[in-house]
Every structure is written in structure tokens, then in C-alpha cells.
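Asks: Any chance you could fold what I've pasted below:
(chains A and B)
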Amino acid sequence: MGFLNWFAKPEPAVQKLPSGSFTVDRHGNVMTSTVGSDYPQRLLDEIAHEVLSLFREARSAQMPLTGLDMNFASLRVTAREMQGGAIIFLTPQNTFTTLSPAGKDSP
Amino acid sequence: MEERHKILVLDDDGDWLDMCRDFLTQLPSKPDVRTVSSGMRALSLLDAQPFRVLLCDLKMPRMDGLQVLSIVRRRFPELRTVALTGLPDSEFRSRAYALGVDLFWLKTDMQQNPKMFLDCIEALLGRDDGGFRDVQSKSLLDVIQMESALRNSSVLRITSGQETGQFWIQDGQIIDARAAGADGEAAFWRILKWKGGTFESLPAETGHIQTITKSLDALLLELAQAVKKASNPTPAQEAEETTFITRLTAVAYEGAEFVVTVPAKKEDSAKGWGMRDVDRLAAWTRLAEKAAQRLGEKCGAGPWTHIAGHNLERHLLLVPEKGRTFAIGWPPEADPRRLFEQSKRLADTWAS
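Replies: You can find the predicted model right below:
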């Protein structure tokens, strides 16, 4: 019966949005993570790299930041600087999520 | 009863304002001293009531002193202005004088020479003629018109600094004028352009040669037209000023510290208001935009809507709007939950 599989449509690959938090050291190595293990490590590394790079550039532009929130249509990336490294929270957004750019109700 | 002159002091330092108020009330003319801590408040007060002198600090958050002075210069040309600063910077001094301030004082000099400072302010309060803004021309014109109305004959000798000039008036008409290097009508116009000086009336000289044939009325009409042309801003200037005021009002209303607009193209320069080092922030803003764009694509999170950064000194919001990104600074005490809406609103007003 295996030949019937030839006619089966391939399942569309939907990339899941990450949810959880992870910490990175100053070199961008992920130290701890609560993000699901099915989420590609490569993408967590990318997020860590971009966040650390923005903290670093802000420092060299004489405006060091302690926190950074990047808000997308369907994801919010909240990062807190920690001695060169960072703790990063990933929160999927939907229509019912209340947007708050930074601060009090941040994780 | 003689009306007391009003002095407005603008500075973001409350202690300094208190000190200035106590200090200026010692003036012999006992002026009414008002103090304000923001440029917007100063402009609205100047709009609401007449002031004689404005003492303006140069280094202030949001709207700095040079911005205030440039607006004041256009909107309240008769107001005497004194620039005060704690920074002994020659660039500040030259920029302030370029804006037409009457005096430039360092705060340290002011404290070291209080008597001289008070004398200067008293002189500004009492000065009804001389100086800039056609005041001298008007009082000189008053005399000419009076001579004309009385059909007098006389010679008016005018001295302005190193320069001297003369008007010959015969039966109420100006028949000749001379100033260094010019005579006739050219000398008449030159003398009226002098910013200040003194004049004296001398006995008429009979038989003086007539070089000006236009009637005094015709000359005055030409003068009025020239003054109107010079003082009336063009529609483009008016529109620019309106835009500027609208933007400042929006910034003051929302309570932002600075606004920097960063165009998408790197070759277009960023423009800032309320911030000195615009380029550095613009460079970081472009980096953040690109990083957000890359992350949005890689994670499948869609386009970025805004980026917020913060430290102990301020909040920073990046908001895309009509092909450019607004980087807006907010004070640390601002409510972060409202900043996105506030930034969006401010960017909308700014862009419109």
C-alpha cells in the first residue's frame, strides 16, 4: 500500500514562533533556555547575536541600554542586558495580546 | 501710575530661577519678574502679555535657548533679549549674537559682576530708542515728519558710531541728504538704515542745492513699502514657522525629550530636534532597523512595529513612519506602557 503515499500531499511546514526565555553570555553562547527544544538552536543563536550586537553598538554610541524590546507583528523579543550577556524573553503576539513596549509589565 | 516693566527669565534650573528673581527685583526700576522653566511656556507667556526683556538660558532640554531665541526674534521683534549660559563657548556666543540678542552673559560673570549685570539689564529696560529693529529710524522719522508738518527749515545732523550724515529740510521737504560716500536719495536711505545713534537740529542753510526732488510723502511711502517687504515673511517662511511651532507644540504636549528622523536612505541625513549628536543615534537606529528586519524574516515574525530601548536616563522608541524612522527620546519617569501610542501620535503629527 506504500505506493498510495505517492499521491499524498506534503504537509505544509509552518514555522512555529518561539516562546520562552534563554540566557546568553557575552560571547553569544546560550547558557540556559526554556524555549522548546523543537525550536531551531540556529535561530536562538541568531536572536542572541542581534540583541548582543545592538547592546554593544549602543554602548559604543555613548547611549548604553539596559533593556531592549523588539516588537514584531507576531512576536516580541524582550532583552535585559546582564554584564555583557543578556536574558532574552520571546513572547508570541496575537490580536488579543496587549502591546507594551517596555517596562512595567515586561517579563 | 507708571507701569512696571516685565522681565521673563527662562531656565530649566529651578534654583537658578529663584536666584534670578531675587536678584532682578533689586533693580532700581523694580520690574515685574516672571520665571518659566520651558521654552514652550515662555513662548505662550510672551504671546499672552507684553514683556520688556527676556533672559534666556541656552542649554536646556527639549527646546534649547537658541531655538527659543530664533522664534522670539521673529515673533517679538521689540523684545530685548539676553542670552545666559554656563558654557564659555565662543560658538554659542556667535550663534546667539547672530540671532540678534542684545546681551550675552556667562552665568559665572553674572555672579562675579552682579552690579554690572544689573546695570546692563536696567539699561535695556529703560532703552526706548537706539539699538536695532528700526526704533531709531522711527524716532528720527518722527522728527522729520514733525519738521514737515510745521513746514520748518533746518538741518538735521545724525551721528551713528563713526558715521555722520545730514538732512537738509526746507519748508518741510527734504531737499538734500549726505552721508559718507553718498548724497541725495542714496544718502537718505543709508541714514535711515543706521541701527542707532543721535541727532541734533541745526539752523537752516539758505541757498543749499536741492538734490532730492521727491516729496517727503513719496519717500515715506517707499520706506513703508521697504519695511513691510523686509518684515513680512514669505508664505514659505510662514509655512515653515507654522510647521515648526506645530511640531514643538506636539513634542511639548506629549512630553518627549527629543525627536530624530532617520531617512531610509543612508545618504540622506538625519534631522534632529532637542538632541545635539544626531548622527550617532541615527547610525544606531539604522543598525536596529536592519537587525529587526533580519530577525522578523528569519523567525517568521513579520515586520517590526517598534523598538524600545531604555536605561536609567531615558526611554528610546523607534517607530517607522512614512519611509523613515522616528527615534524619540522620553524621560525616565514616562509610563513605558503608553510610550508606543505617544510616539506614534507624535510621529504622525510630525510627519503631517
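
Asks: pLDDT on stretch B:66-74, on average?
Replies: Averaged across stretch B:66-74, the pLDDT comes to 80.

Asks: buried residues in that stretch?
Replies: Neighbour counts over stretch B:66-74 (16 or more other C-beta atoms under 10 Å in any protein chain shown) mark B:Leu66, B:Gln67, B:Val68, B:Leu69, B:Ser70, B:Ile71, B:Val72, B:Arg73 as buried. All C-beta spots, glycine's among them, are computed from the backbone N, C-alpha and C.

Asks: One more: stretch B:332-347?
Replies: Neighbour counts over stretch B:332-347 (16+ other C-beta under 10 Å) mark B:Ala334, B:Pro336, B:Arg337, B:Leu339, B:Phe340, B:Gln342, B:Ser343, B:Lys344, B:Leu346, B:Ala347 as buried.

Asks: quick one: contacts for the closest residue to B:Asp109 other than its chain neighbours?
Replies: Distance criterion C-beta to C-beta, 6 or more residues apart in numbering or on different chains; nearest residue to B:Asp109, sequence neighbours excluded, is B:Phe117 at 7.5 Å. Residues near B:Phe117 by C-beta atoms under 8 Å, 6 or more residues apart in numbering or on different chains: B:Trp105, B:Asp109, B:Met110.

Asks: of these, buried ones?
Replies: Buried, going by 16+ other C-beta under 10 Å: B:Trp105, B:Met110, out of those.

Asks: The contacts of B:Phe117 in strands, which ones?
Replies: B:Trp105 (DSSP state E).

Asks: what pLDDT does B:Leu318 get?
Replies: For B:Leu318, the pLDDT comes out at 96.

Asks: Throw the contacts of B:Phe117 into TSV and include pLDDT, thanks.
Replies: Conversion of the contacts of B:Phe117 to TSV gives the following (pLDDT from 0 to 100):
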residue	pLDDT
B:Trp105	85
B:Asp109	83
B:Met110	82
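
Asks: doesn't B:Val278 make contact with B:Gly272?
Replies: Yes. Counting by C-beta atoms under 8 Å, B:Gly272 does reach B:Val278; the two are 3.5 Å apart.

Asks: now the helices for chain A?
Replies: Under the criterion DSSP state H, chain A carries helices at the ranges A:41-60.

Asks: er, the stretch 1-150 of chain B actually
Replies: Remark: helices assigned in the stretch 1-150 of chain B by DSSP state H, counting those that start in this stretch are B:14-24, B:39-48, B:65-75, B:90-98, B:107-112, B:114-126, B:135-149.

Asks: Could I get the ones you listed in a markdown table, plus columns for distance to B:His315?
Replies: Output for the helices of the stretch 1-150 of chain B, formatted as a markdown table (distance: least, C-beta to C-beta, whole Å):
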| stretch | distance to B:His315 |
| --- | --- |
| helix B:14-24 | 23 |
| helix B:39-48 | 21 |
| helix B:65-75 | 23 |
| helix B:90-98 | 29 |
| helix B:107-112 | 30 |
| helix B:114-126 | 39 |
| helix B:135-149 | 47 |
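
Asks: Need the per-residue pLDDT for the residue nearest to B:Arg21 when sequence neighbours are not counted.
Replies: Nearest non-adjacent residue to B:Arg21, counting by C-beta to C-beta, 6+ apart: B:Val33, 5.0 Å away. Here, the pLDDT recorded for B:Val33 equals 91.
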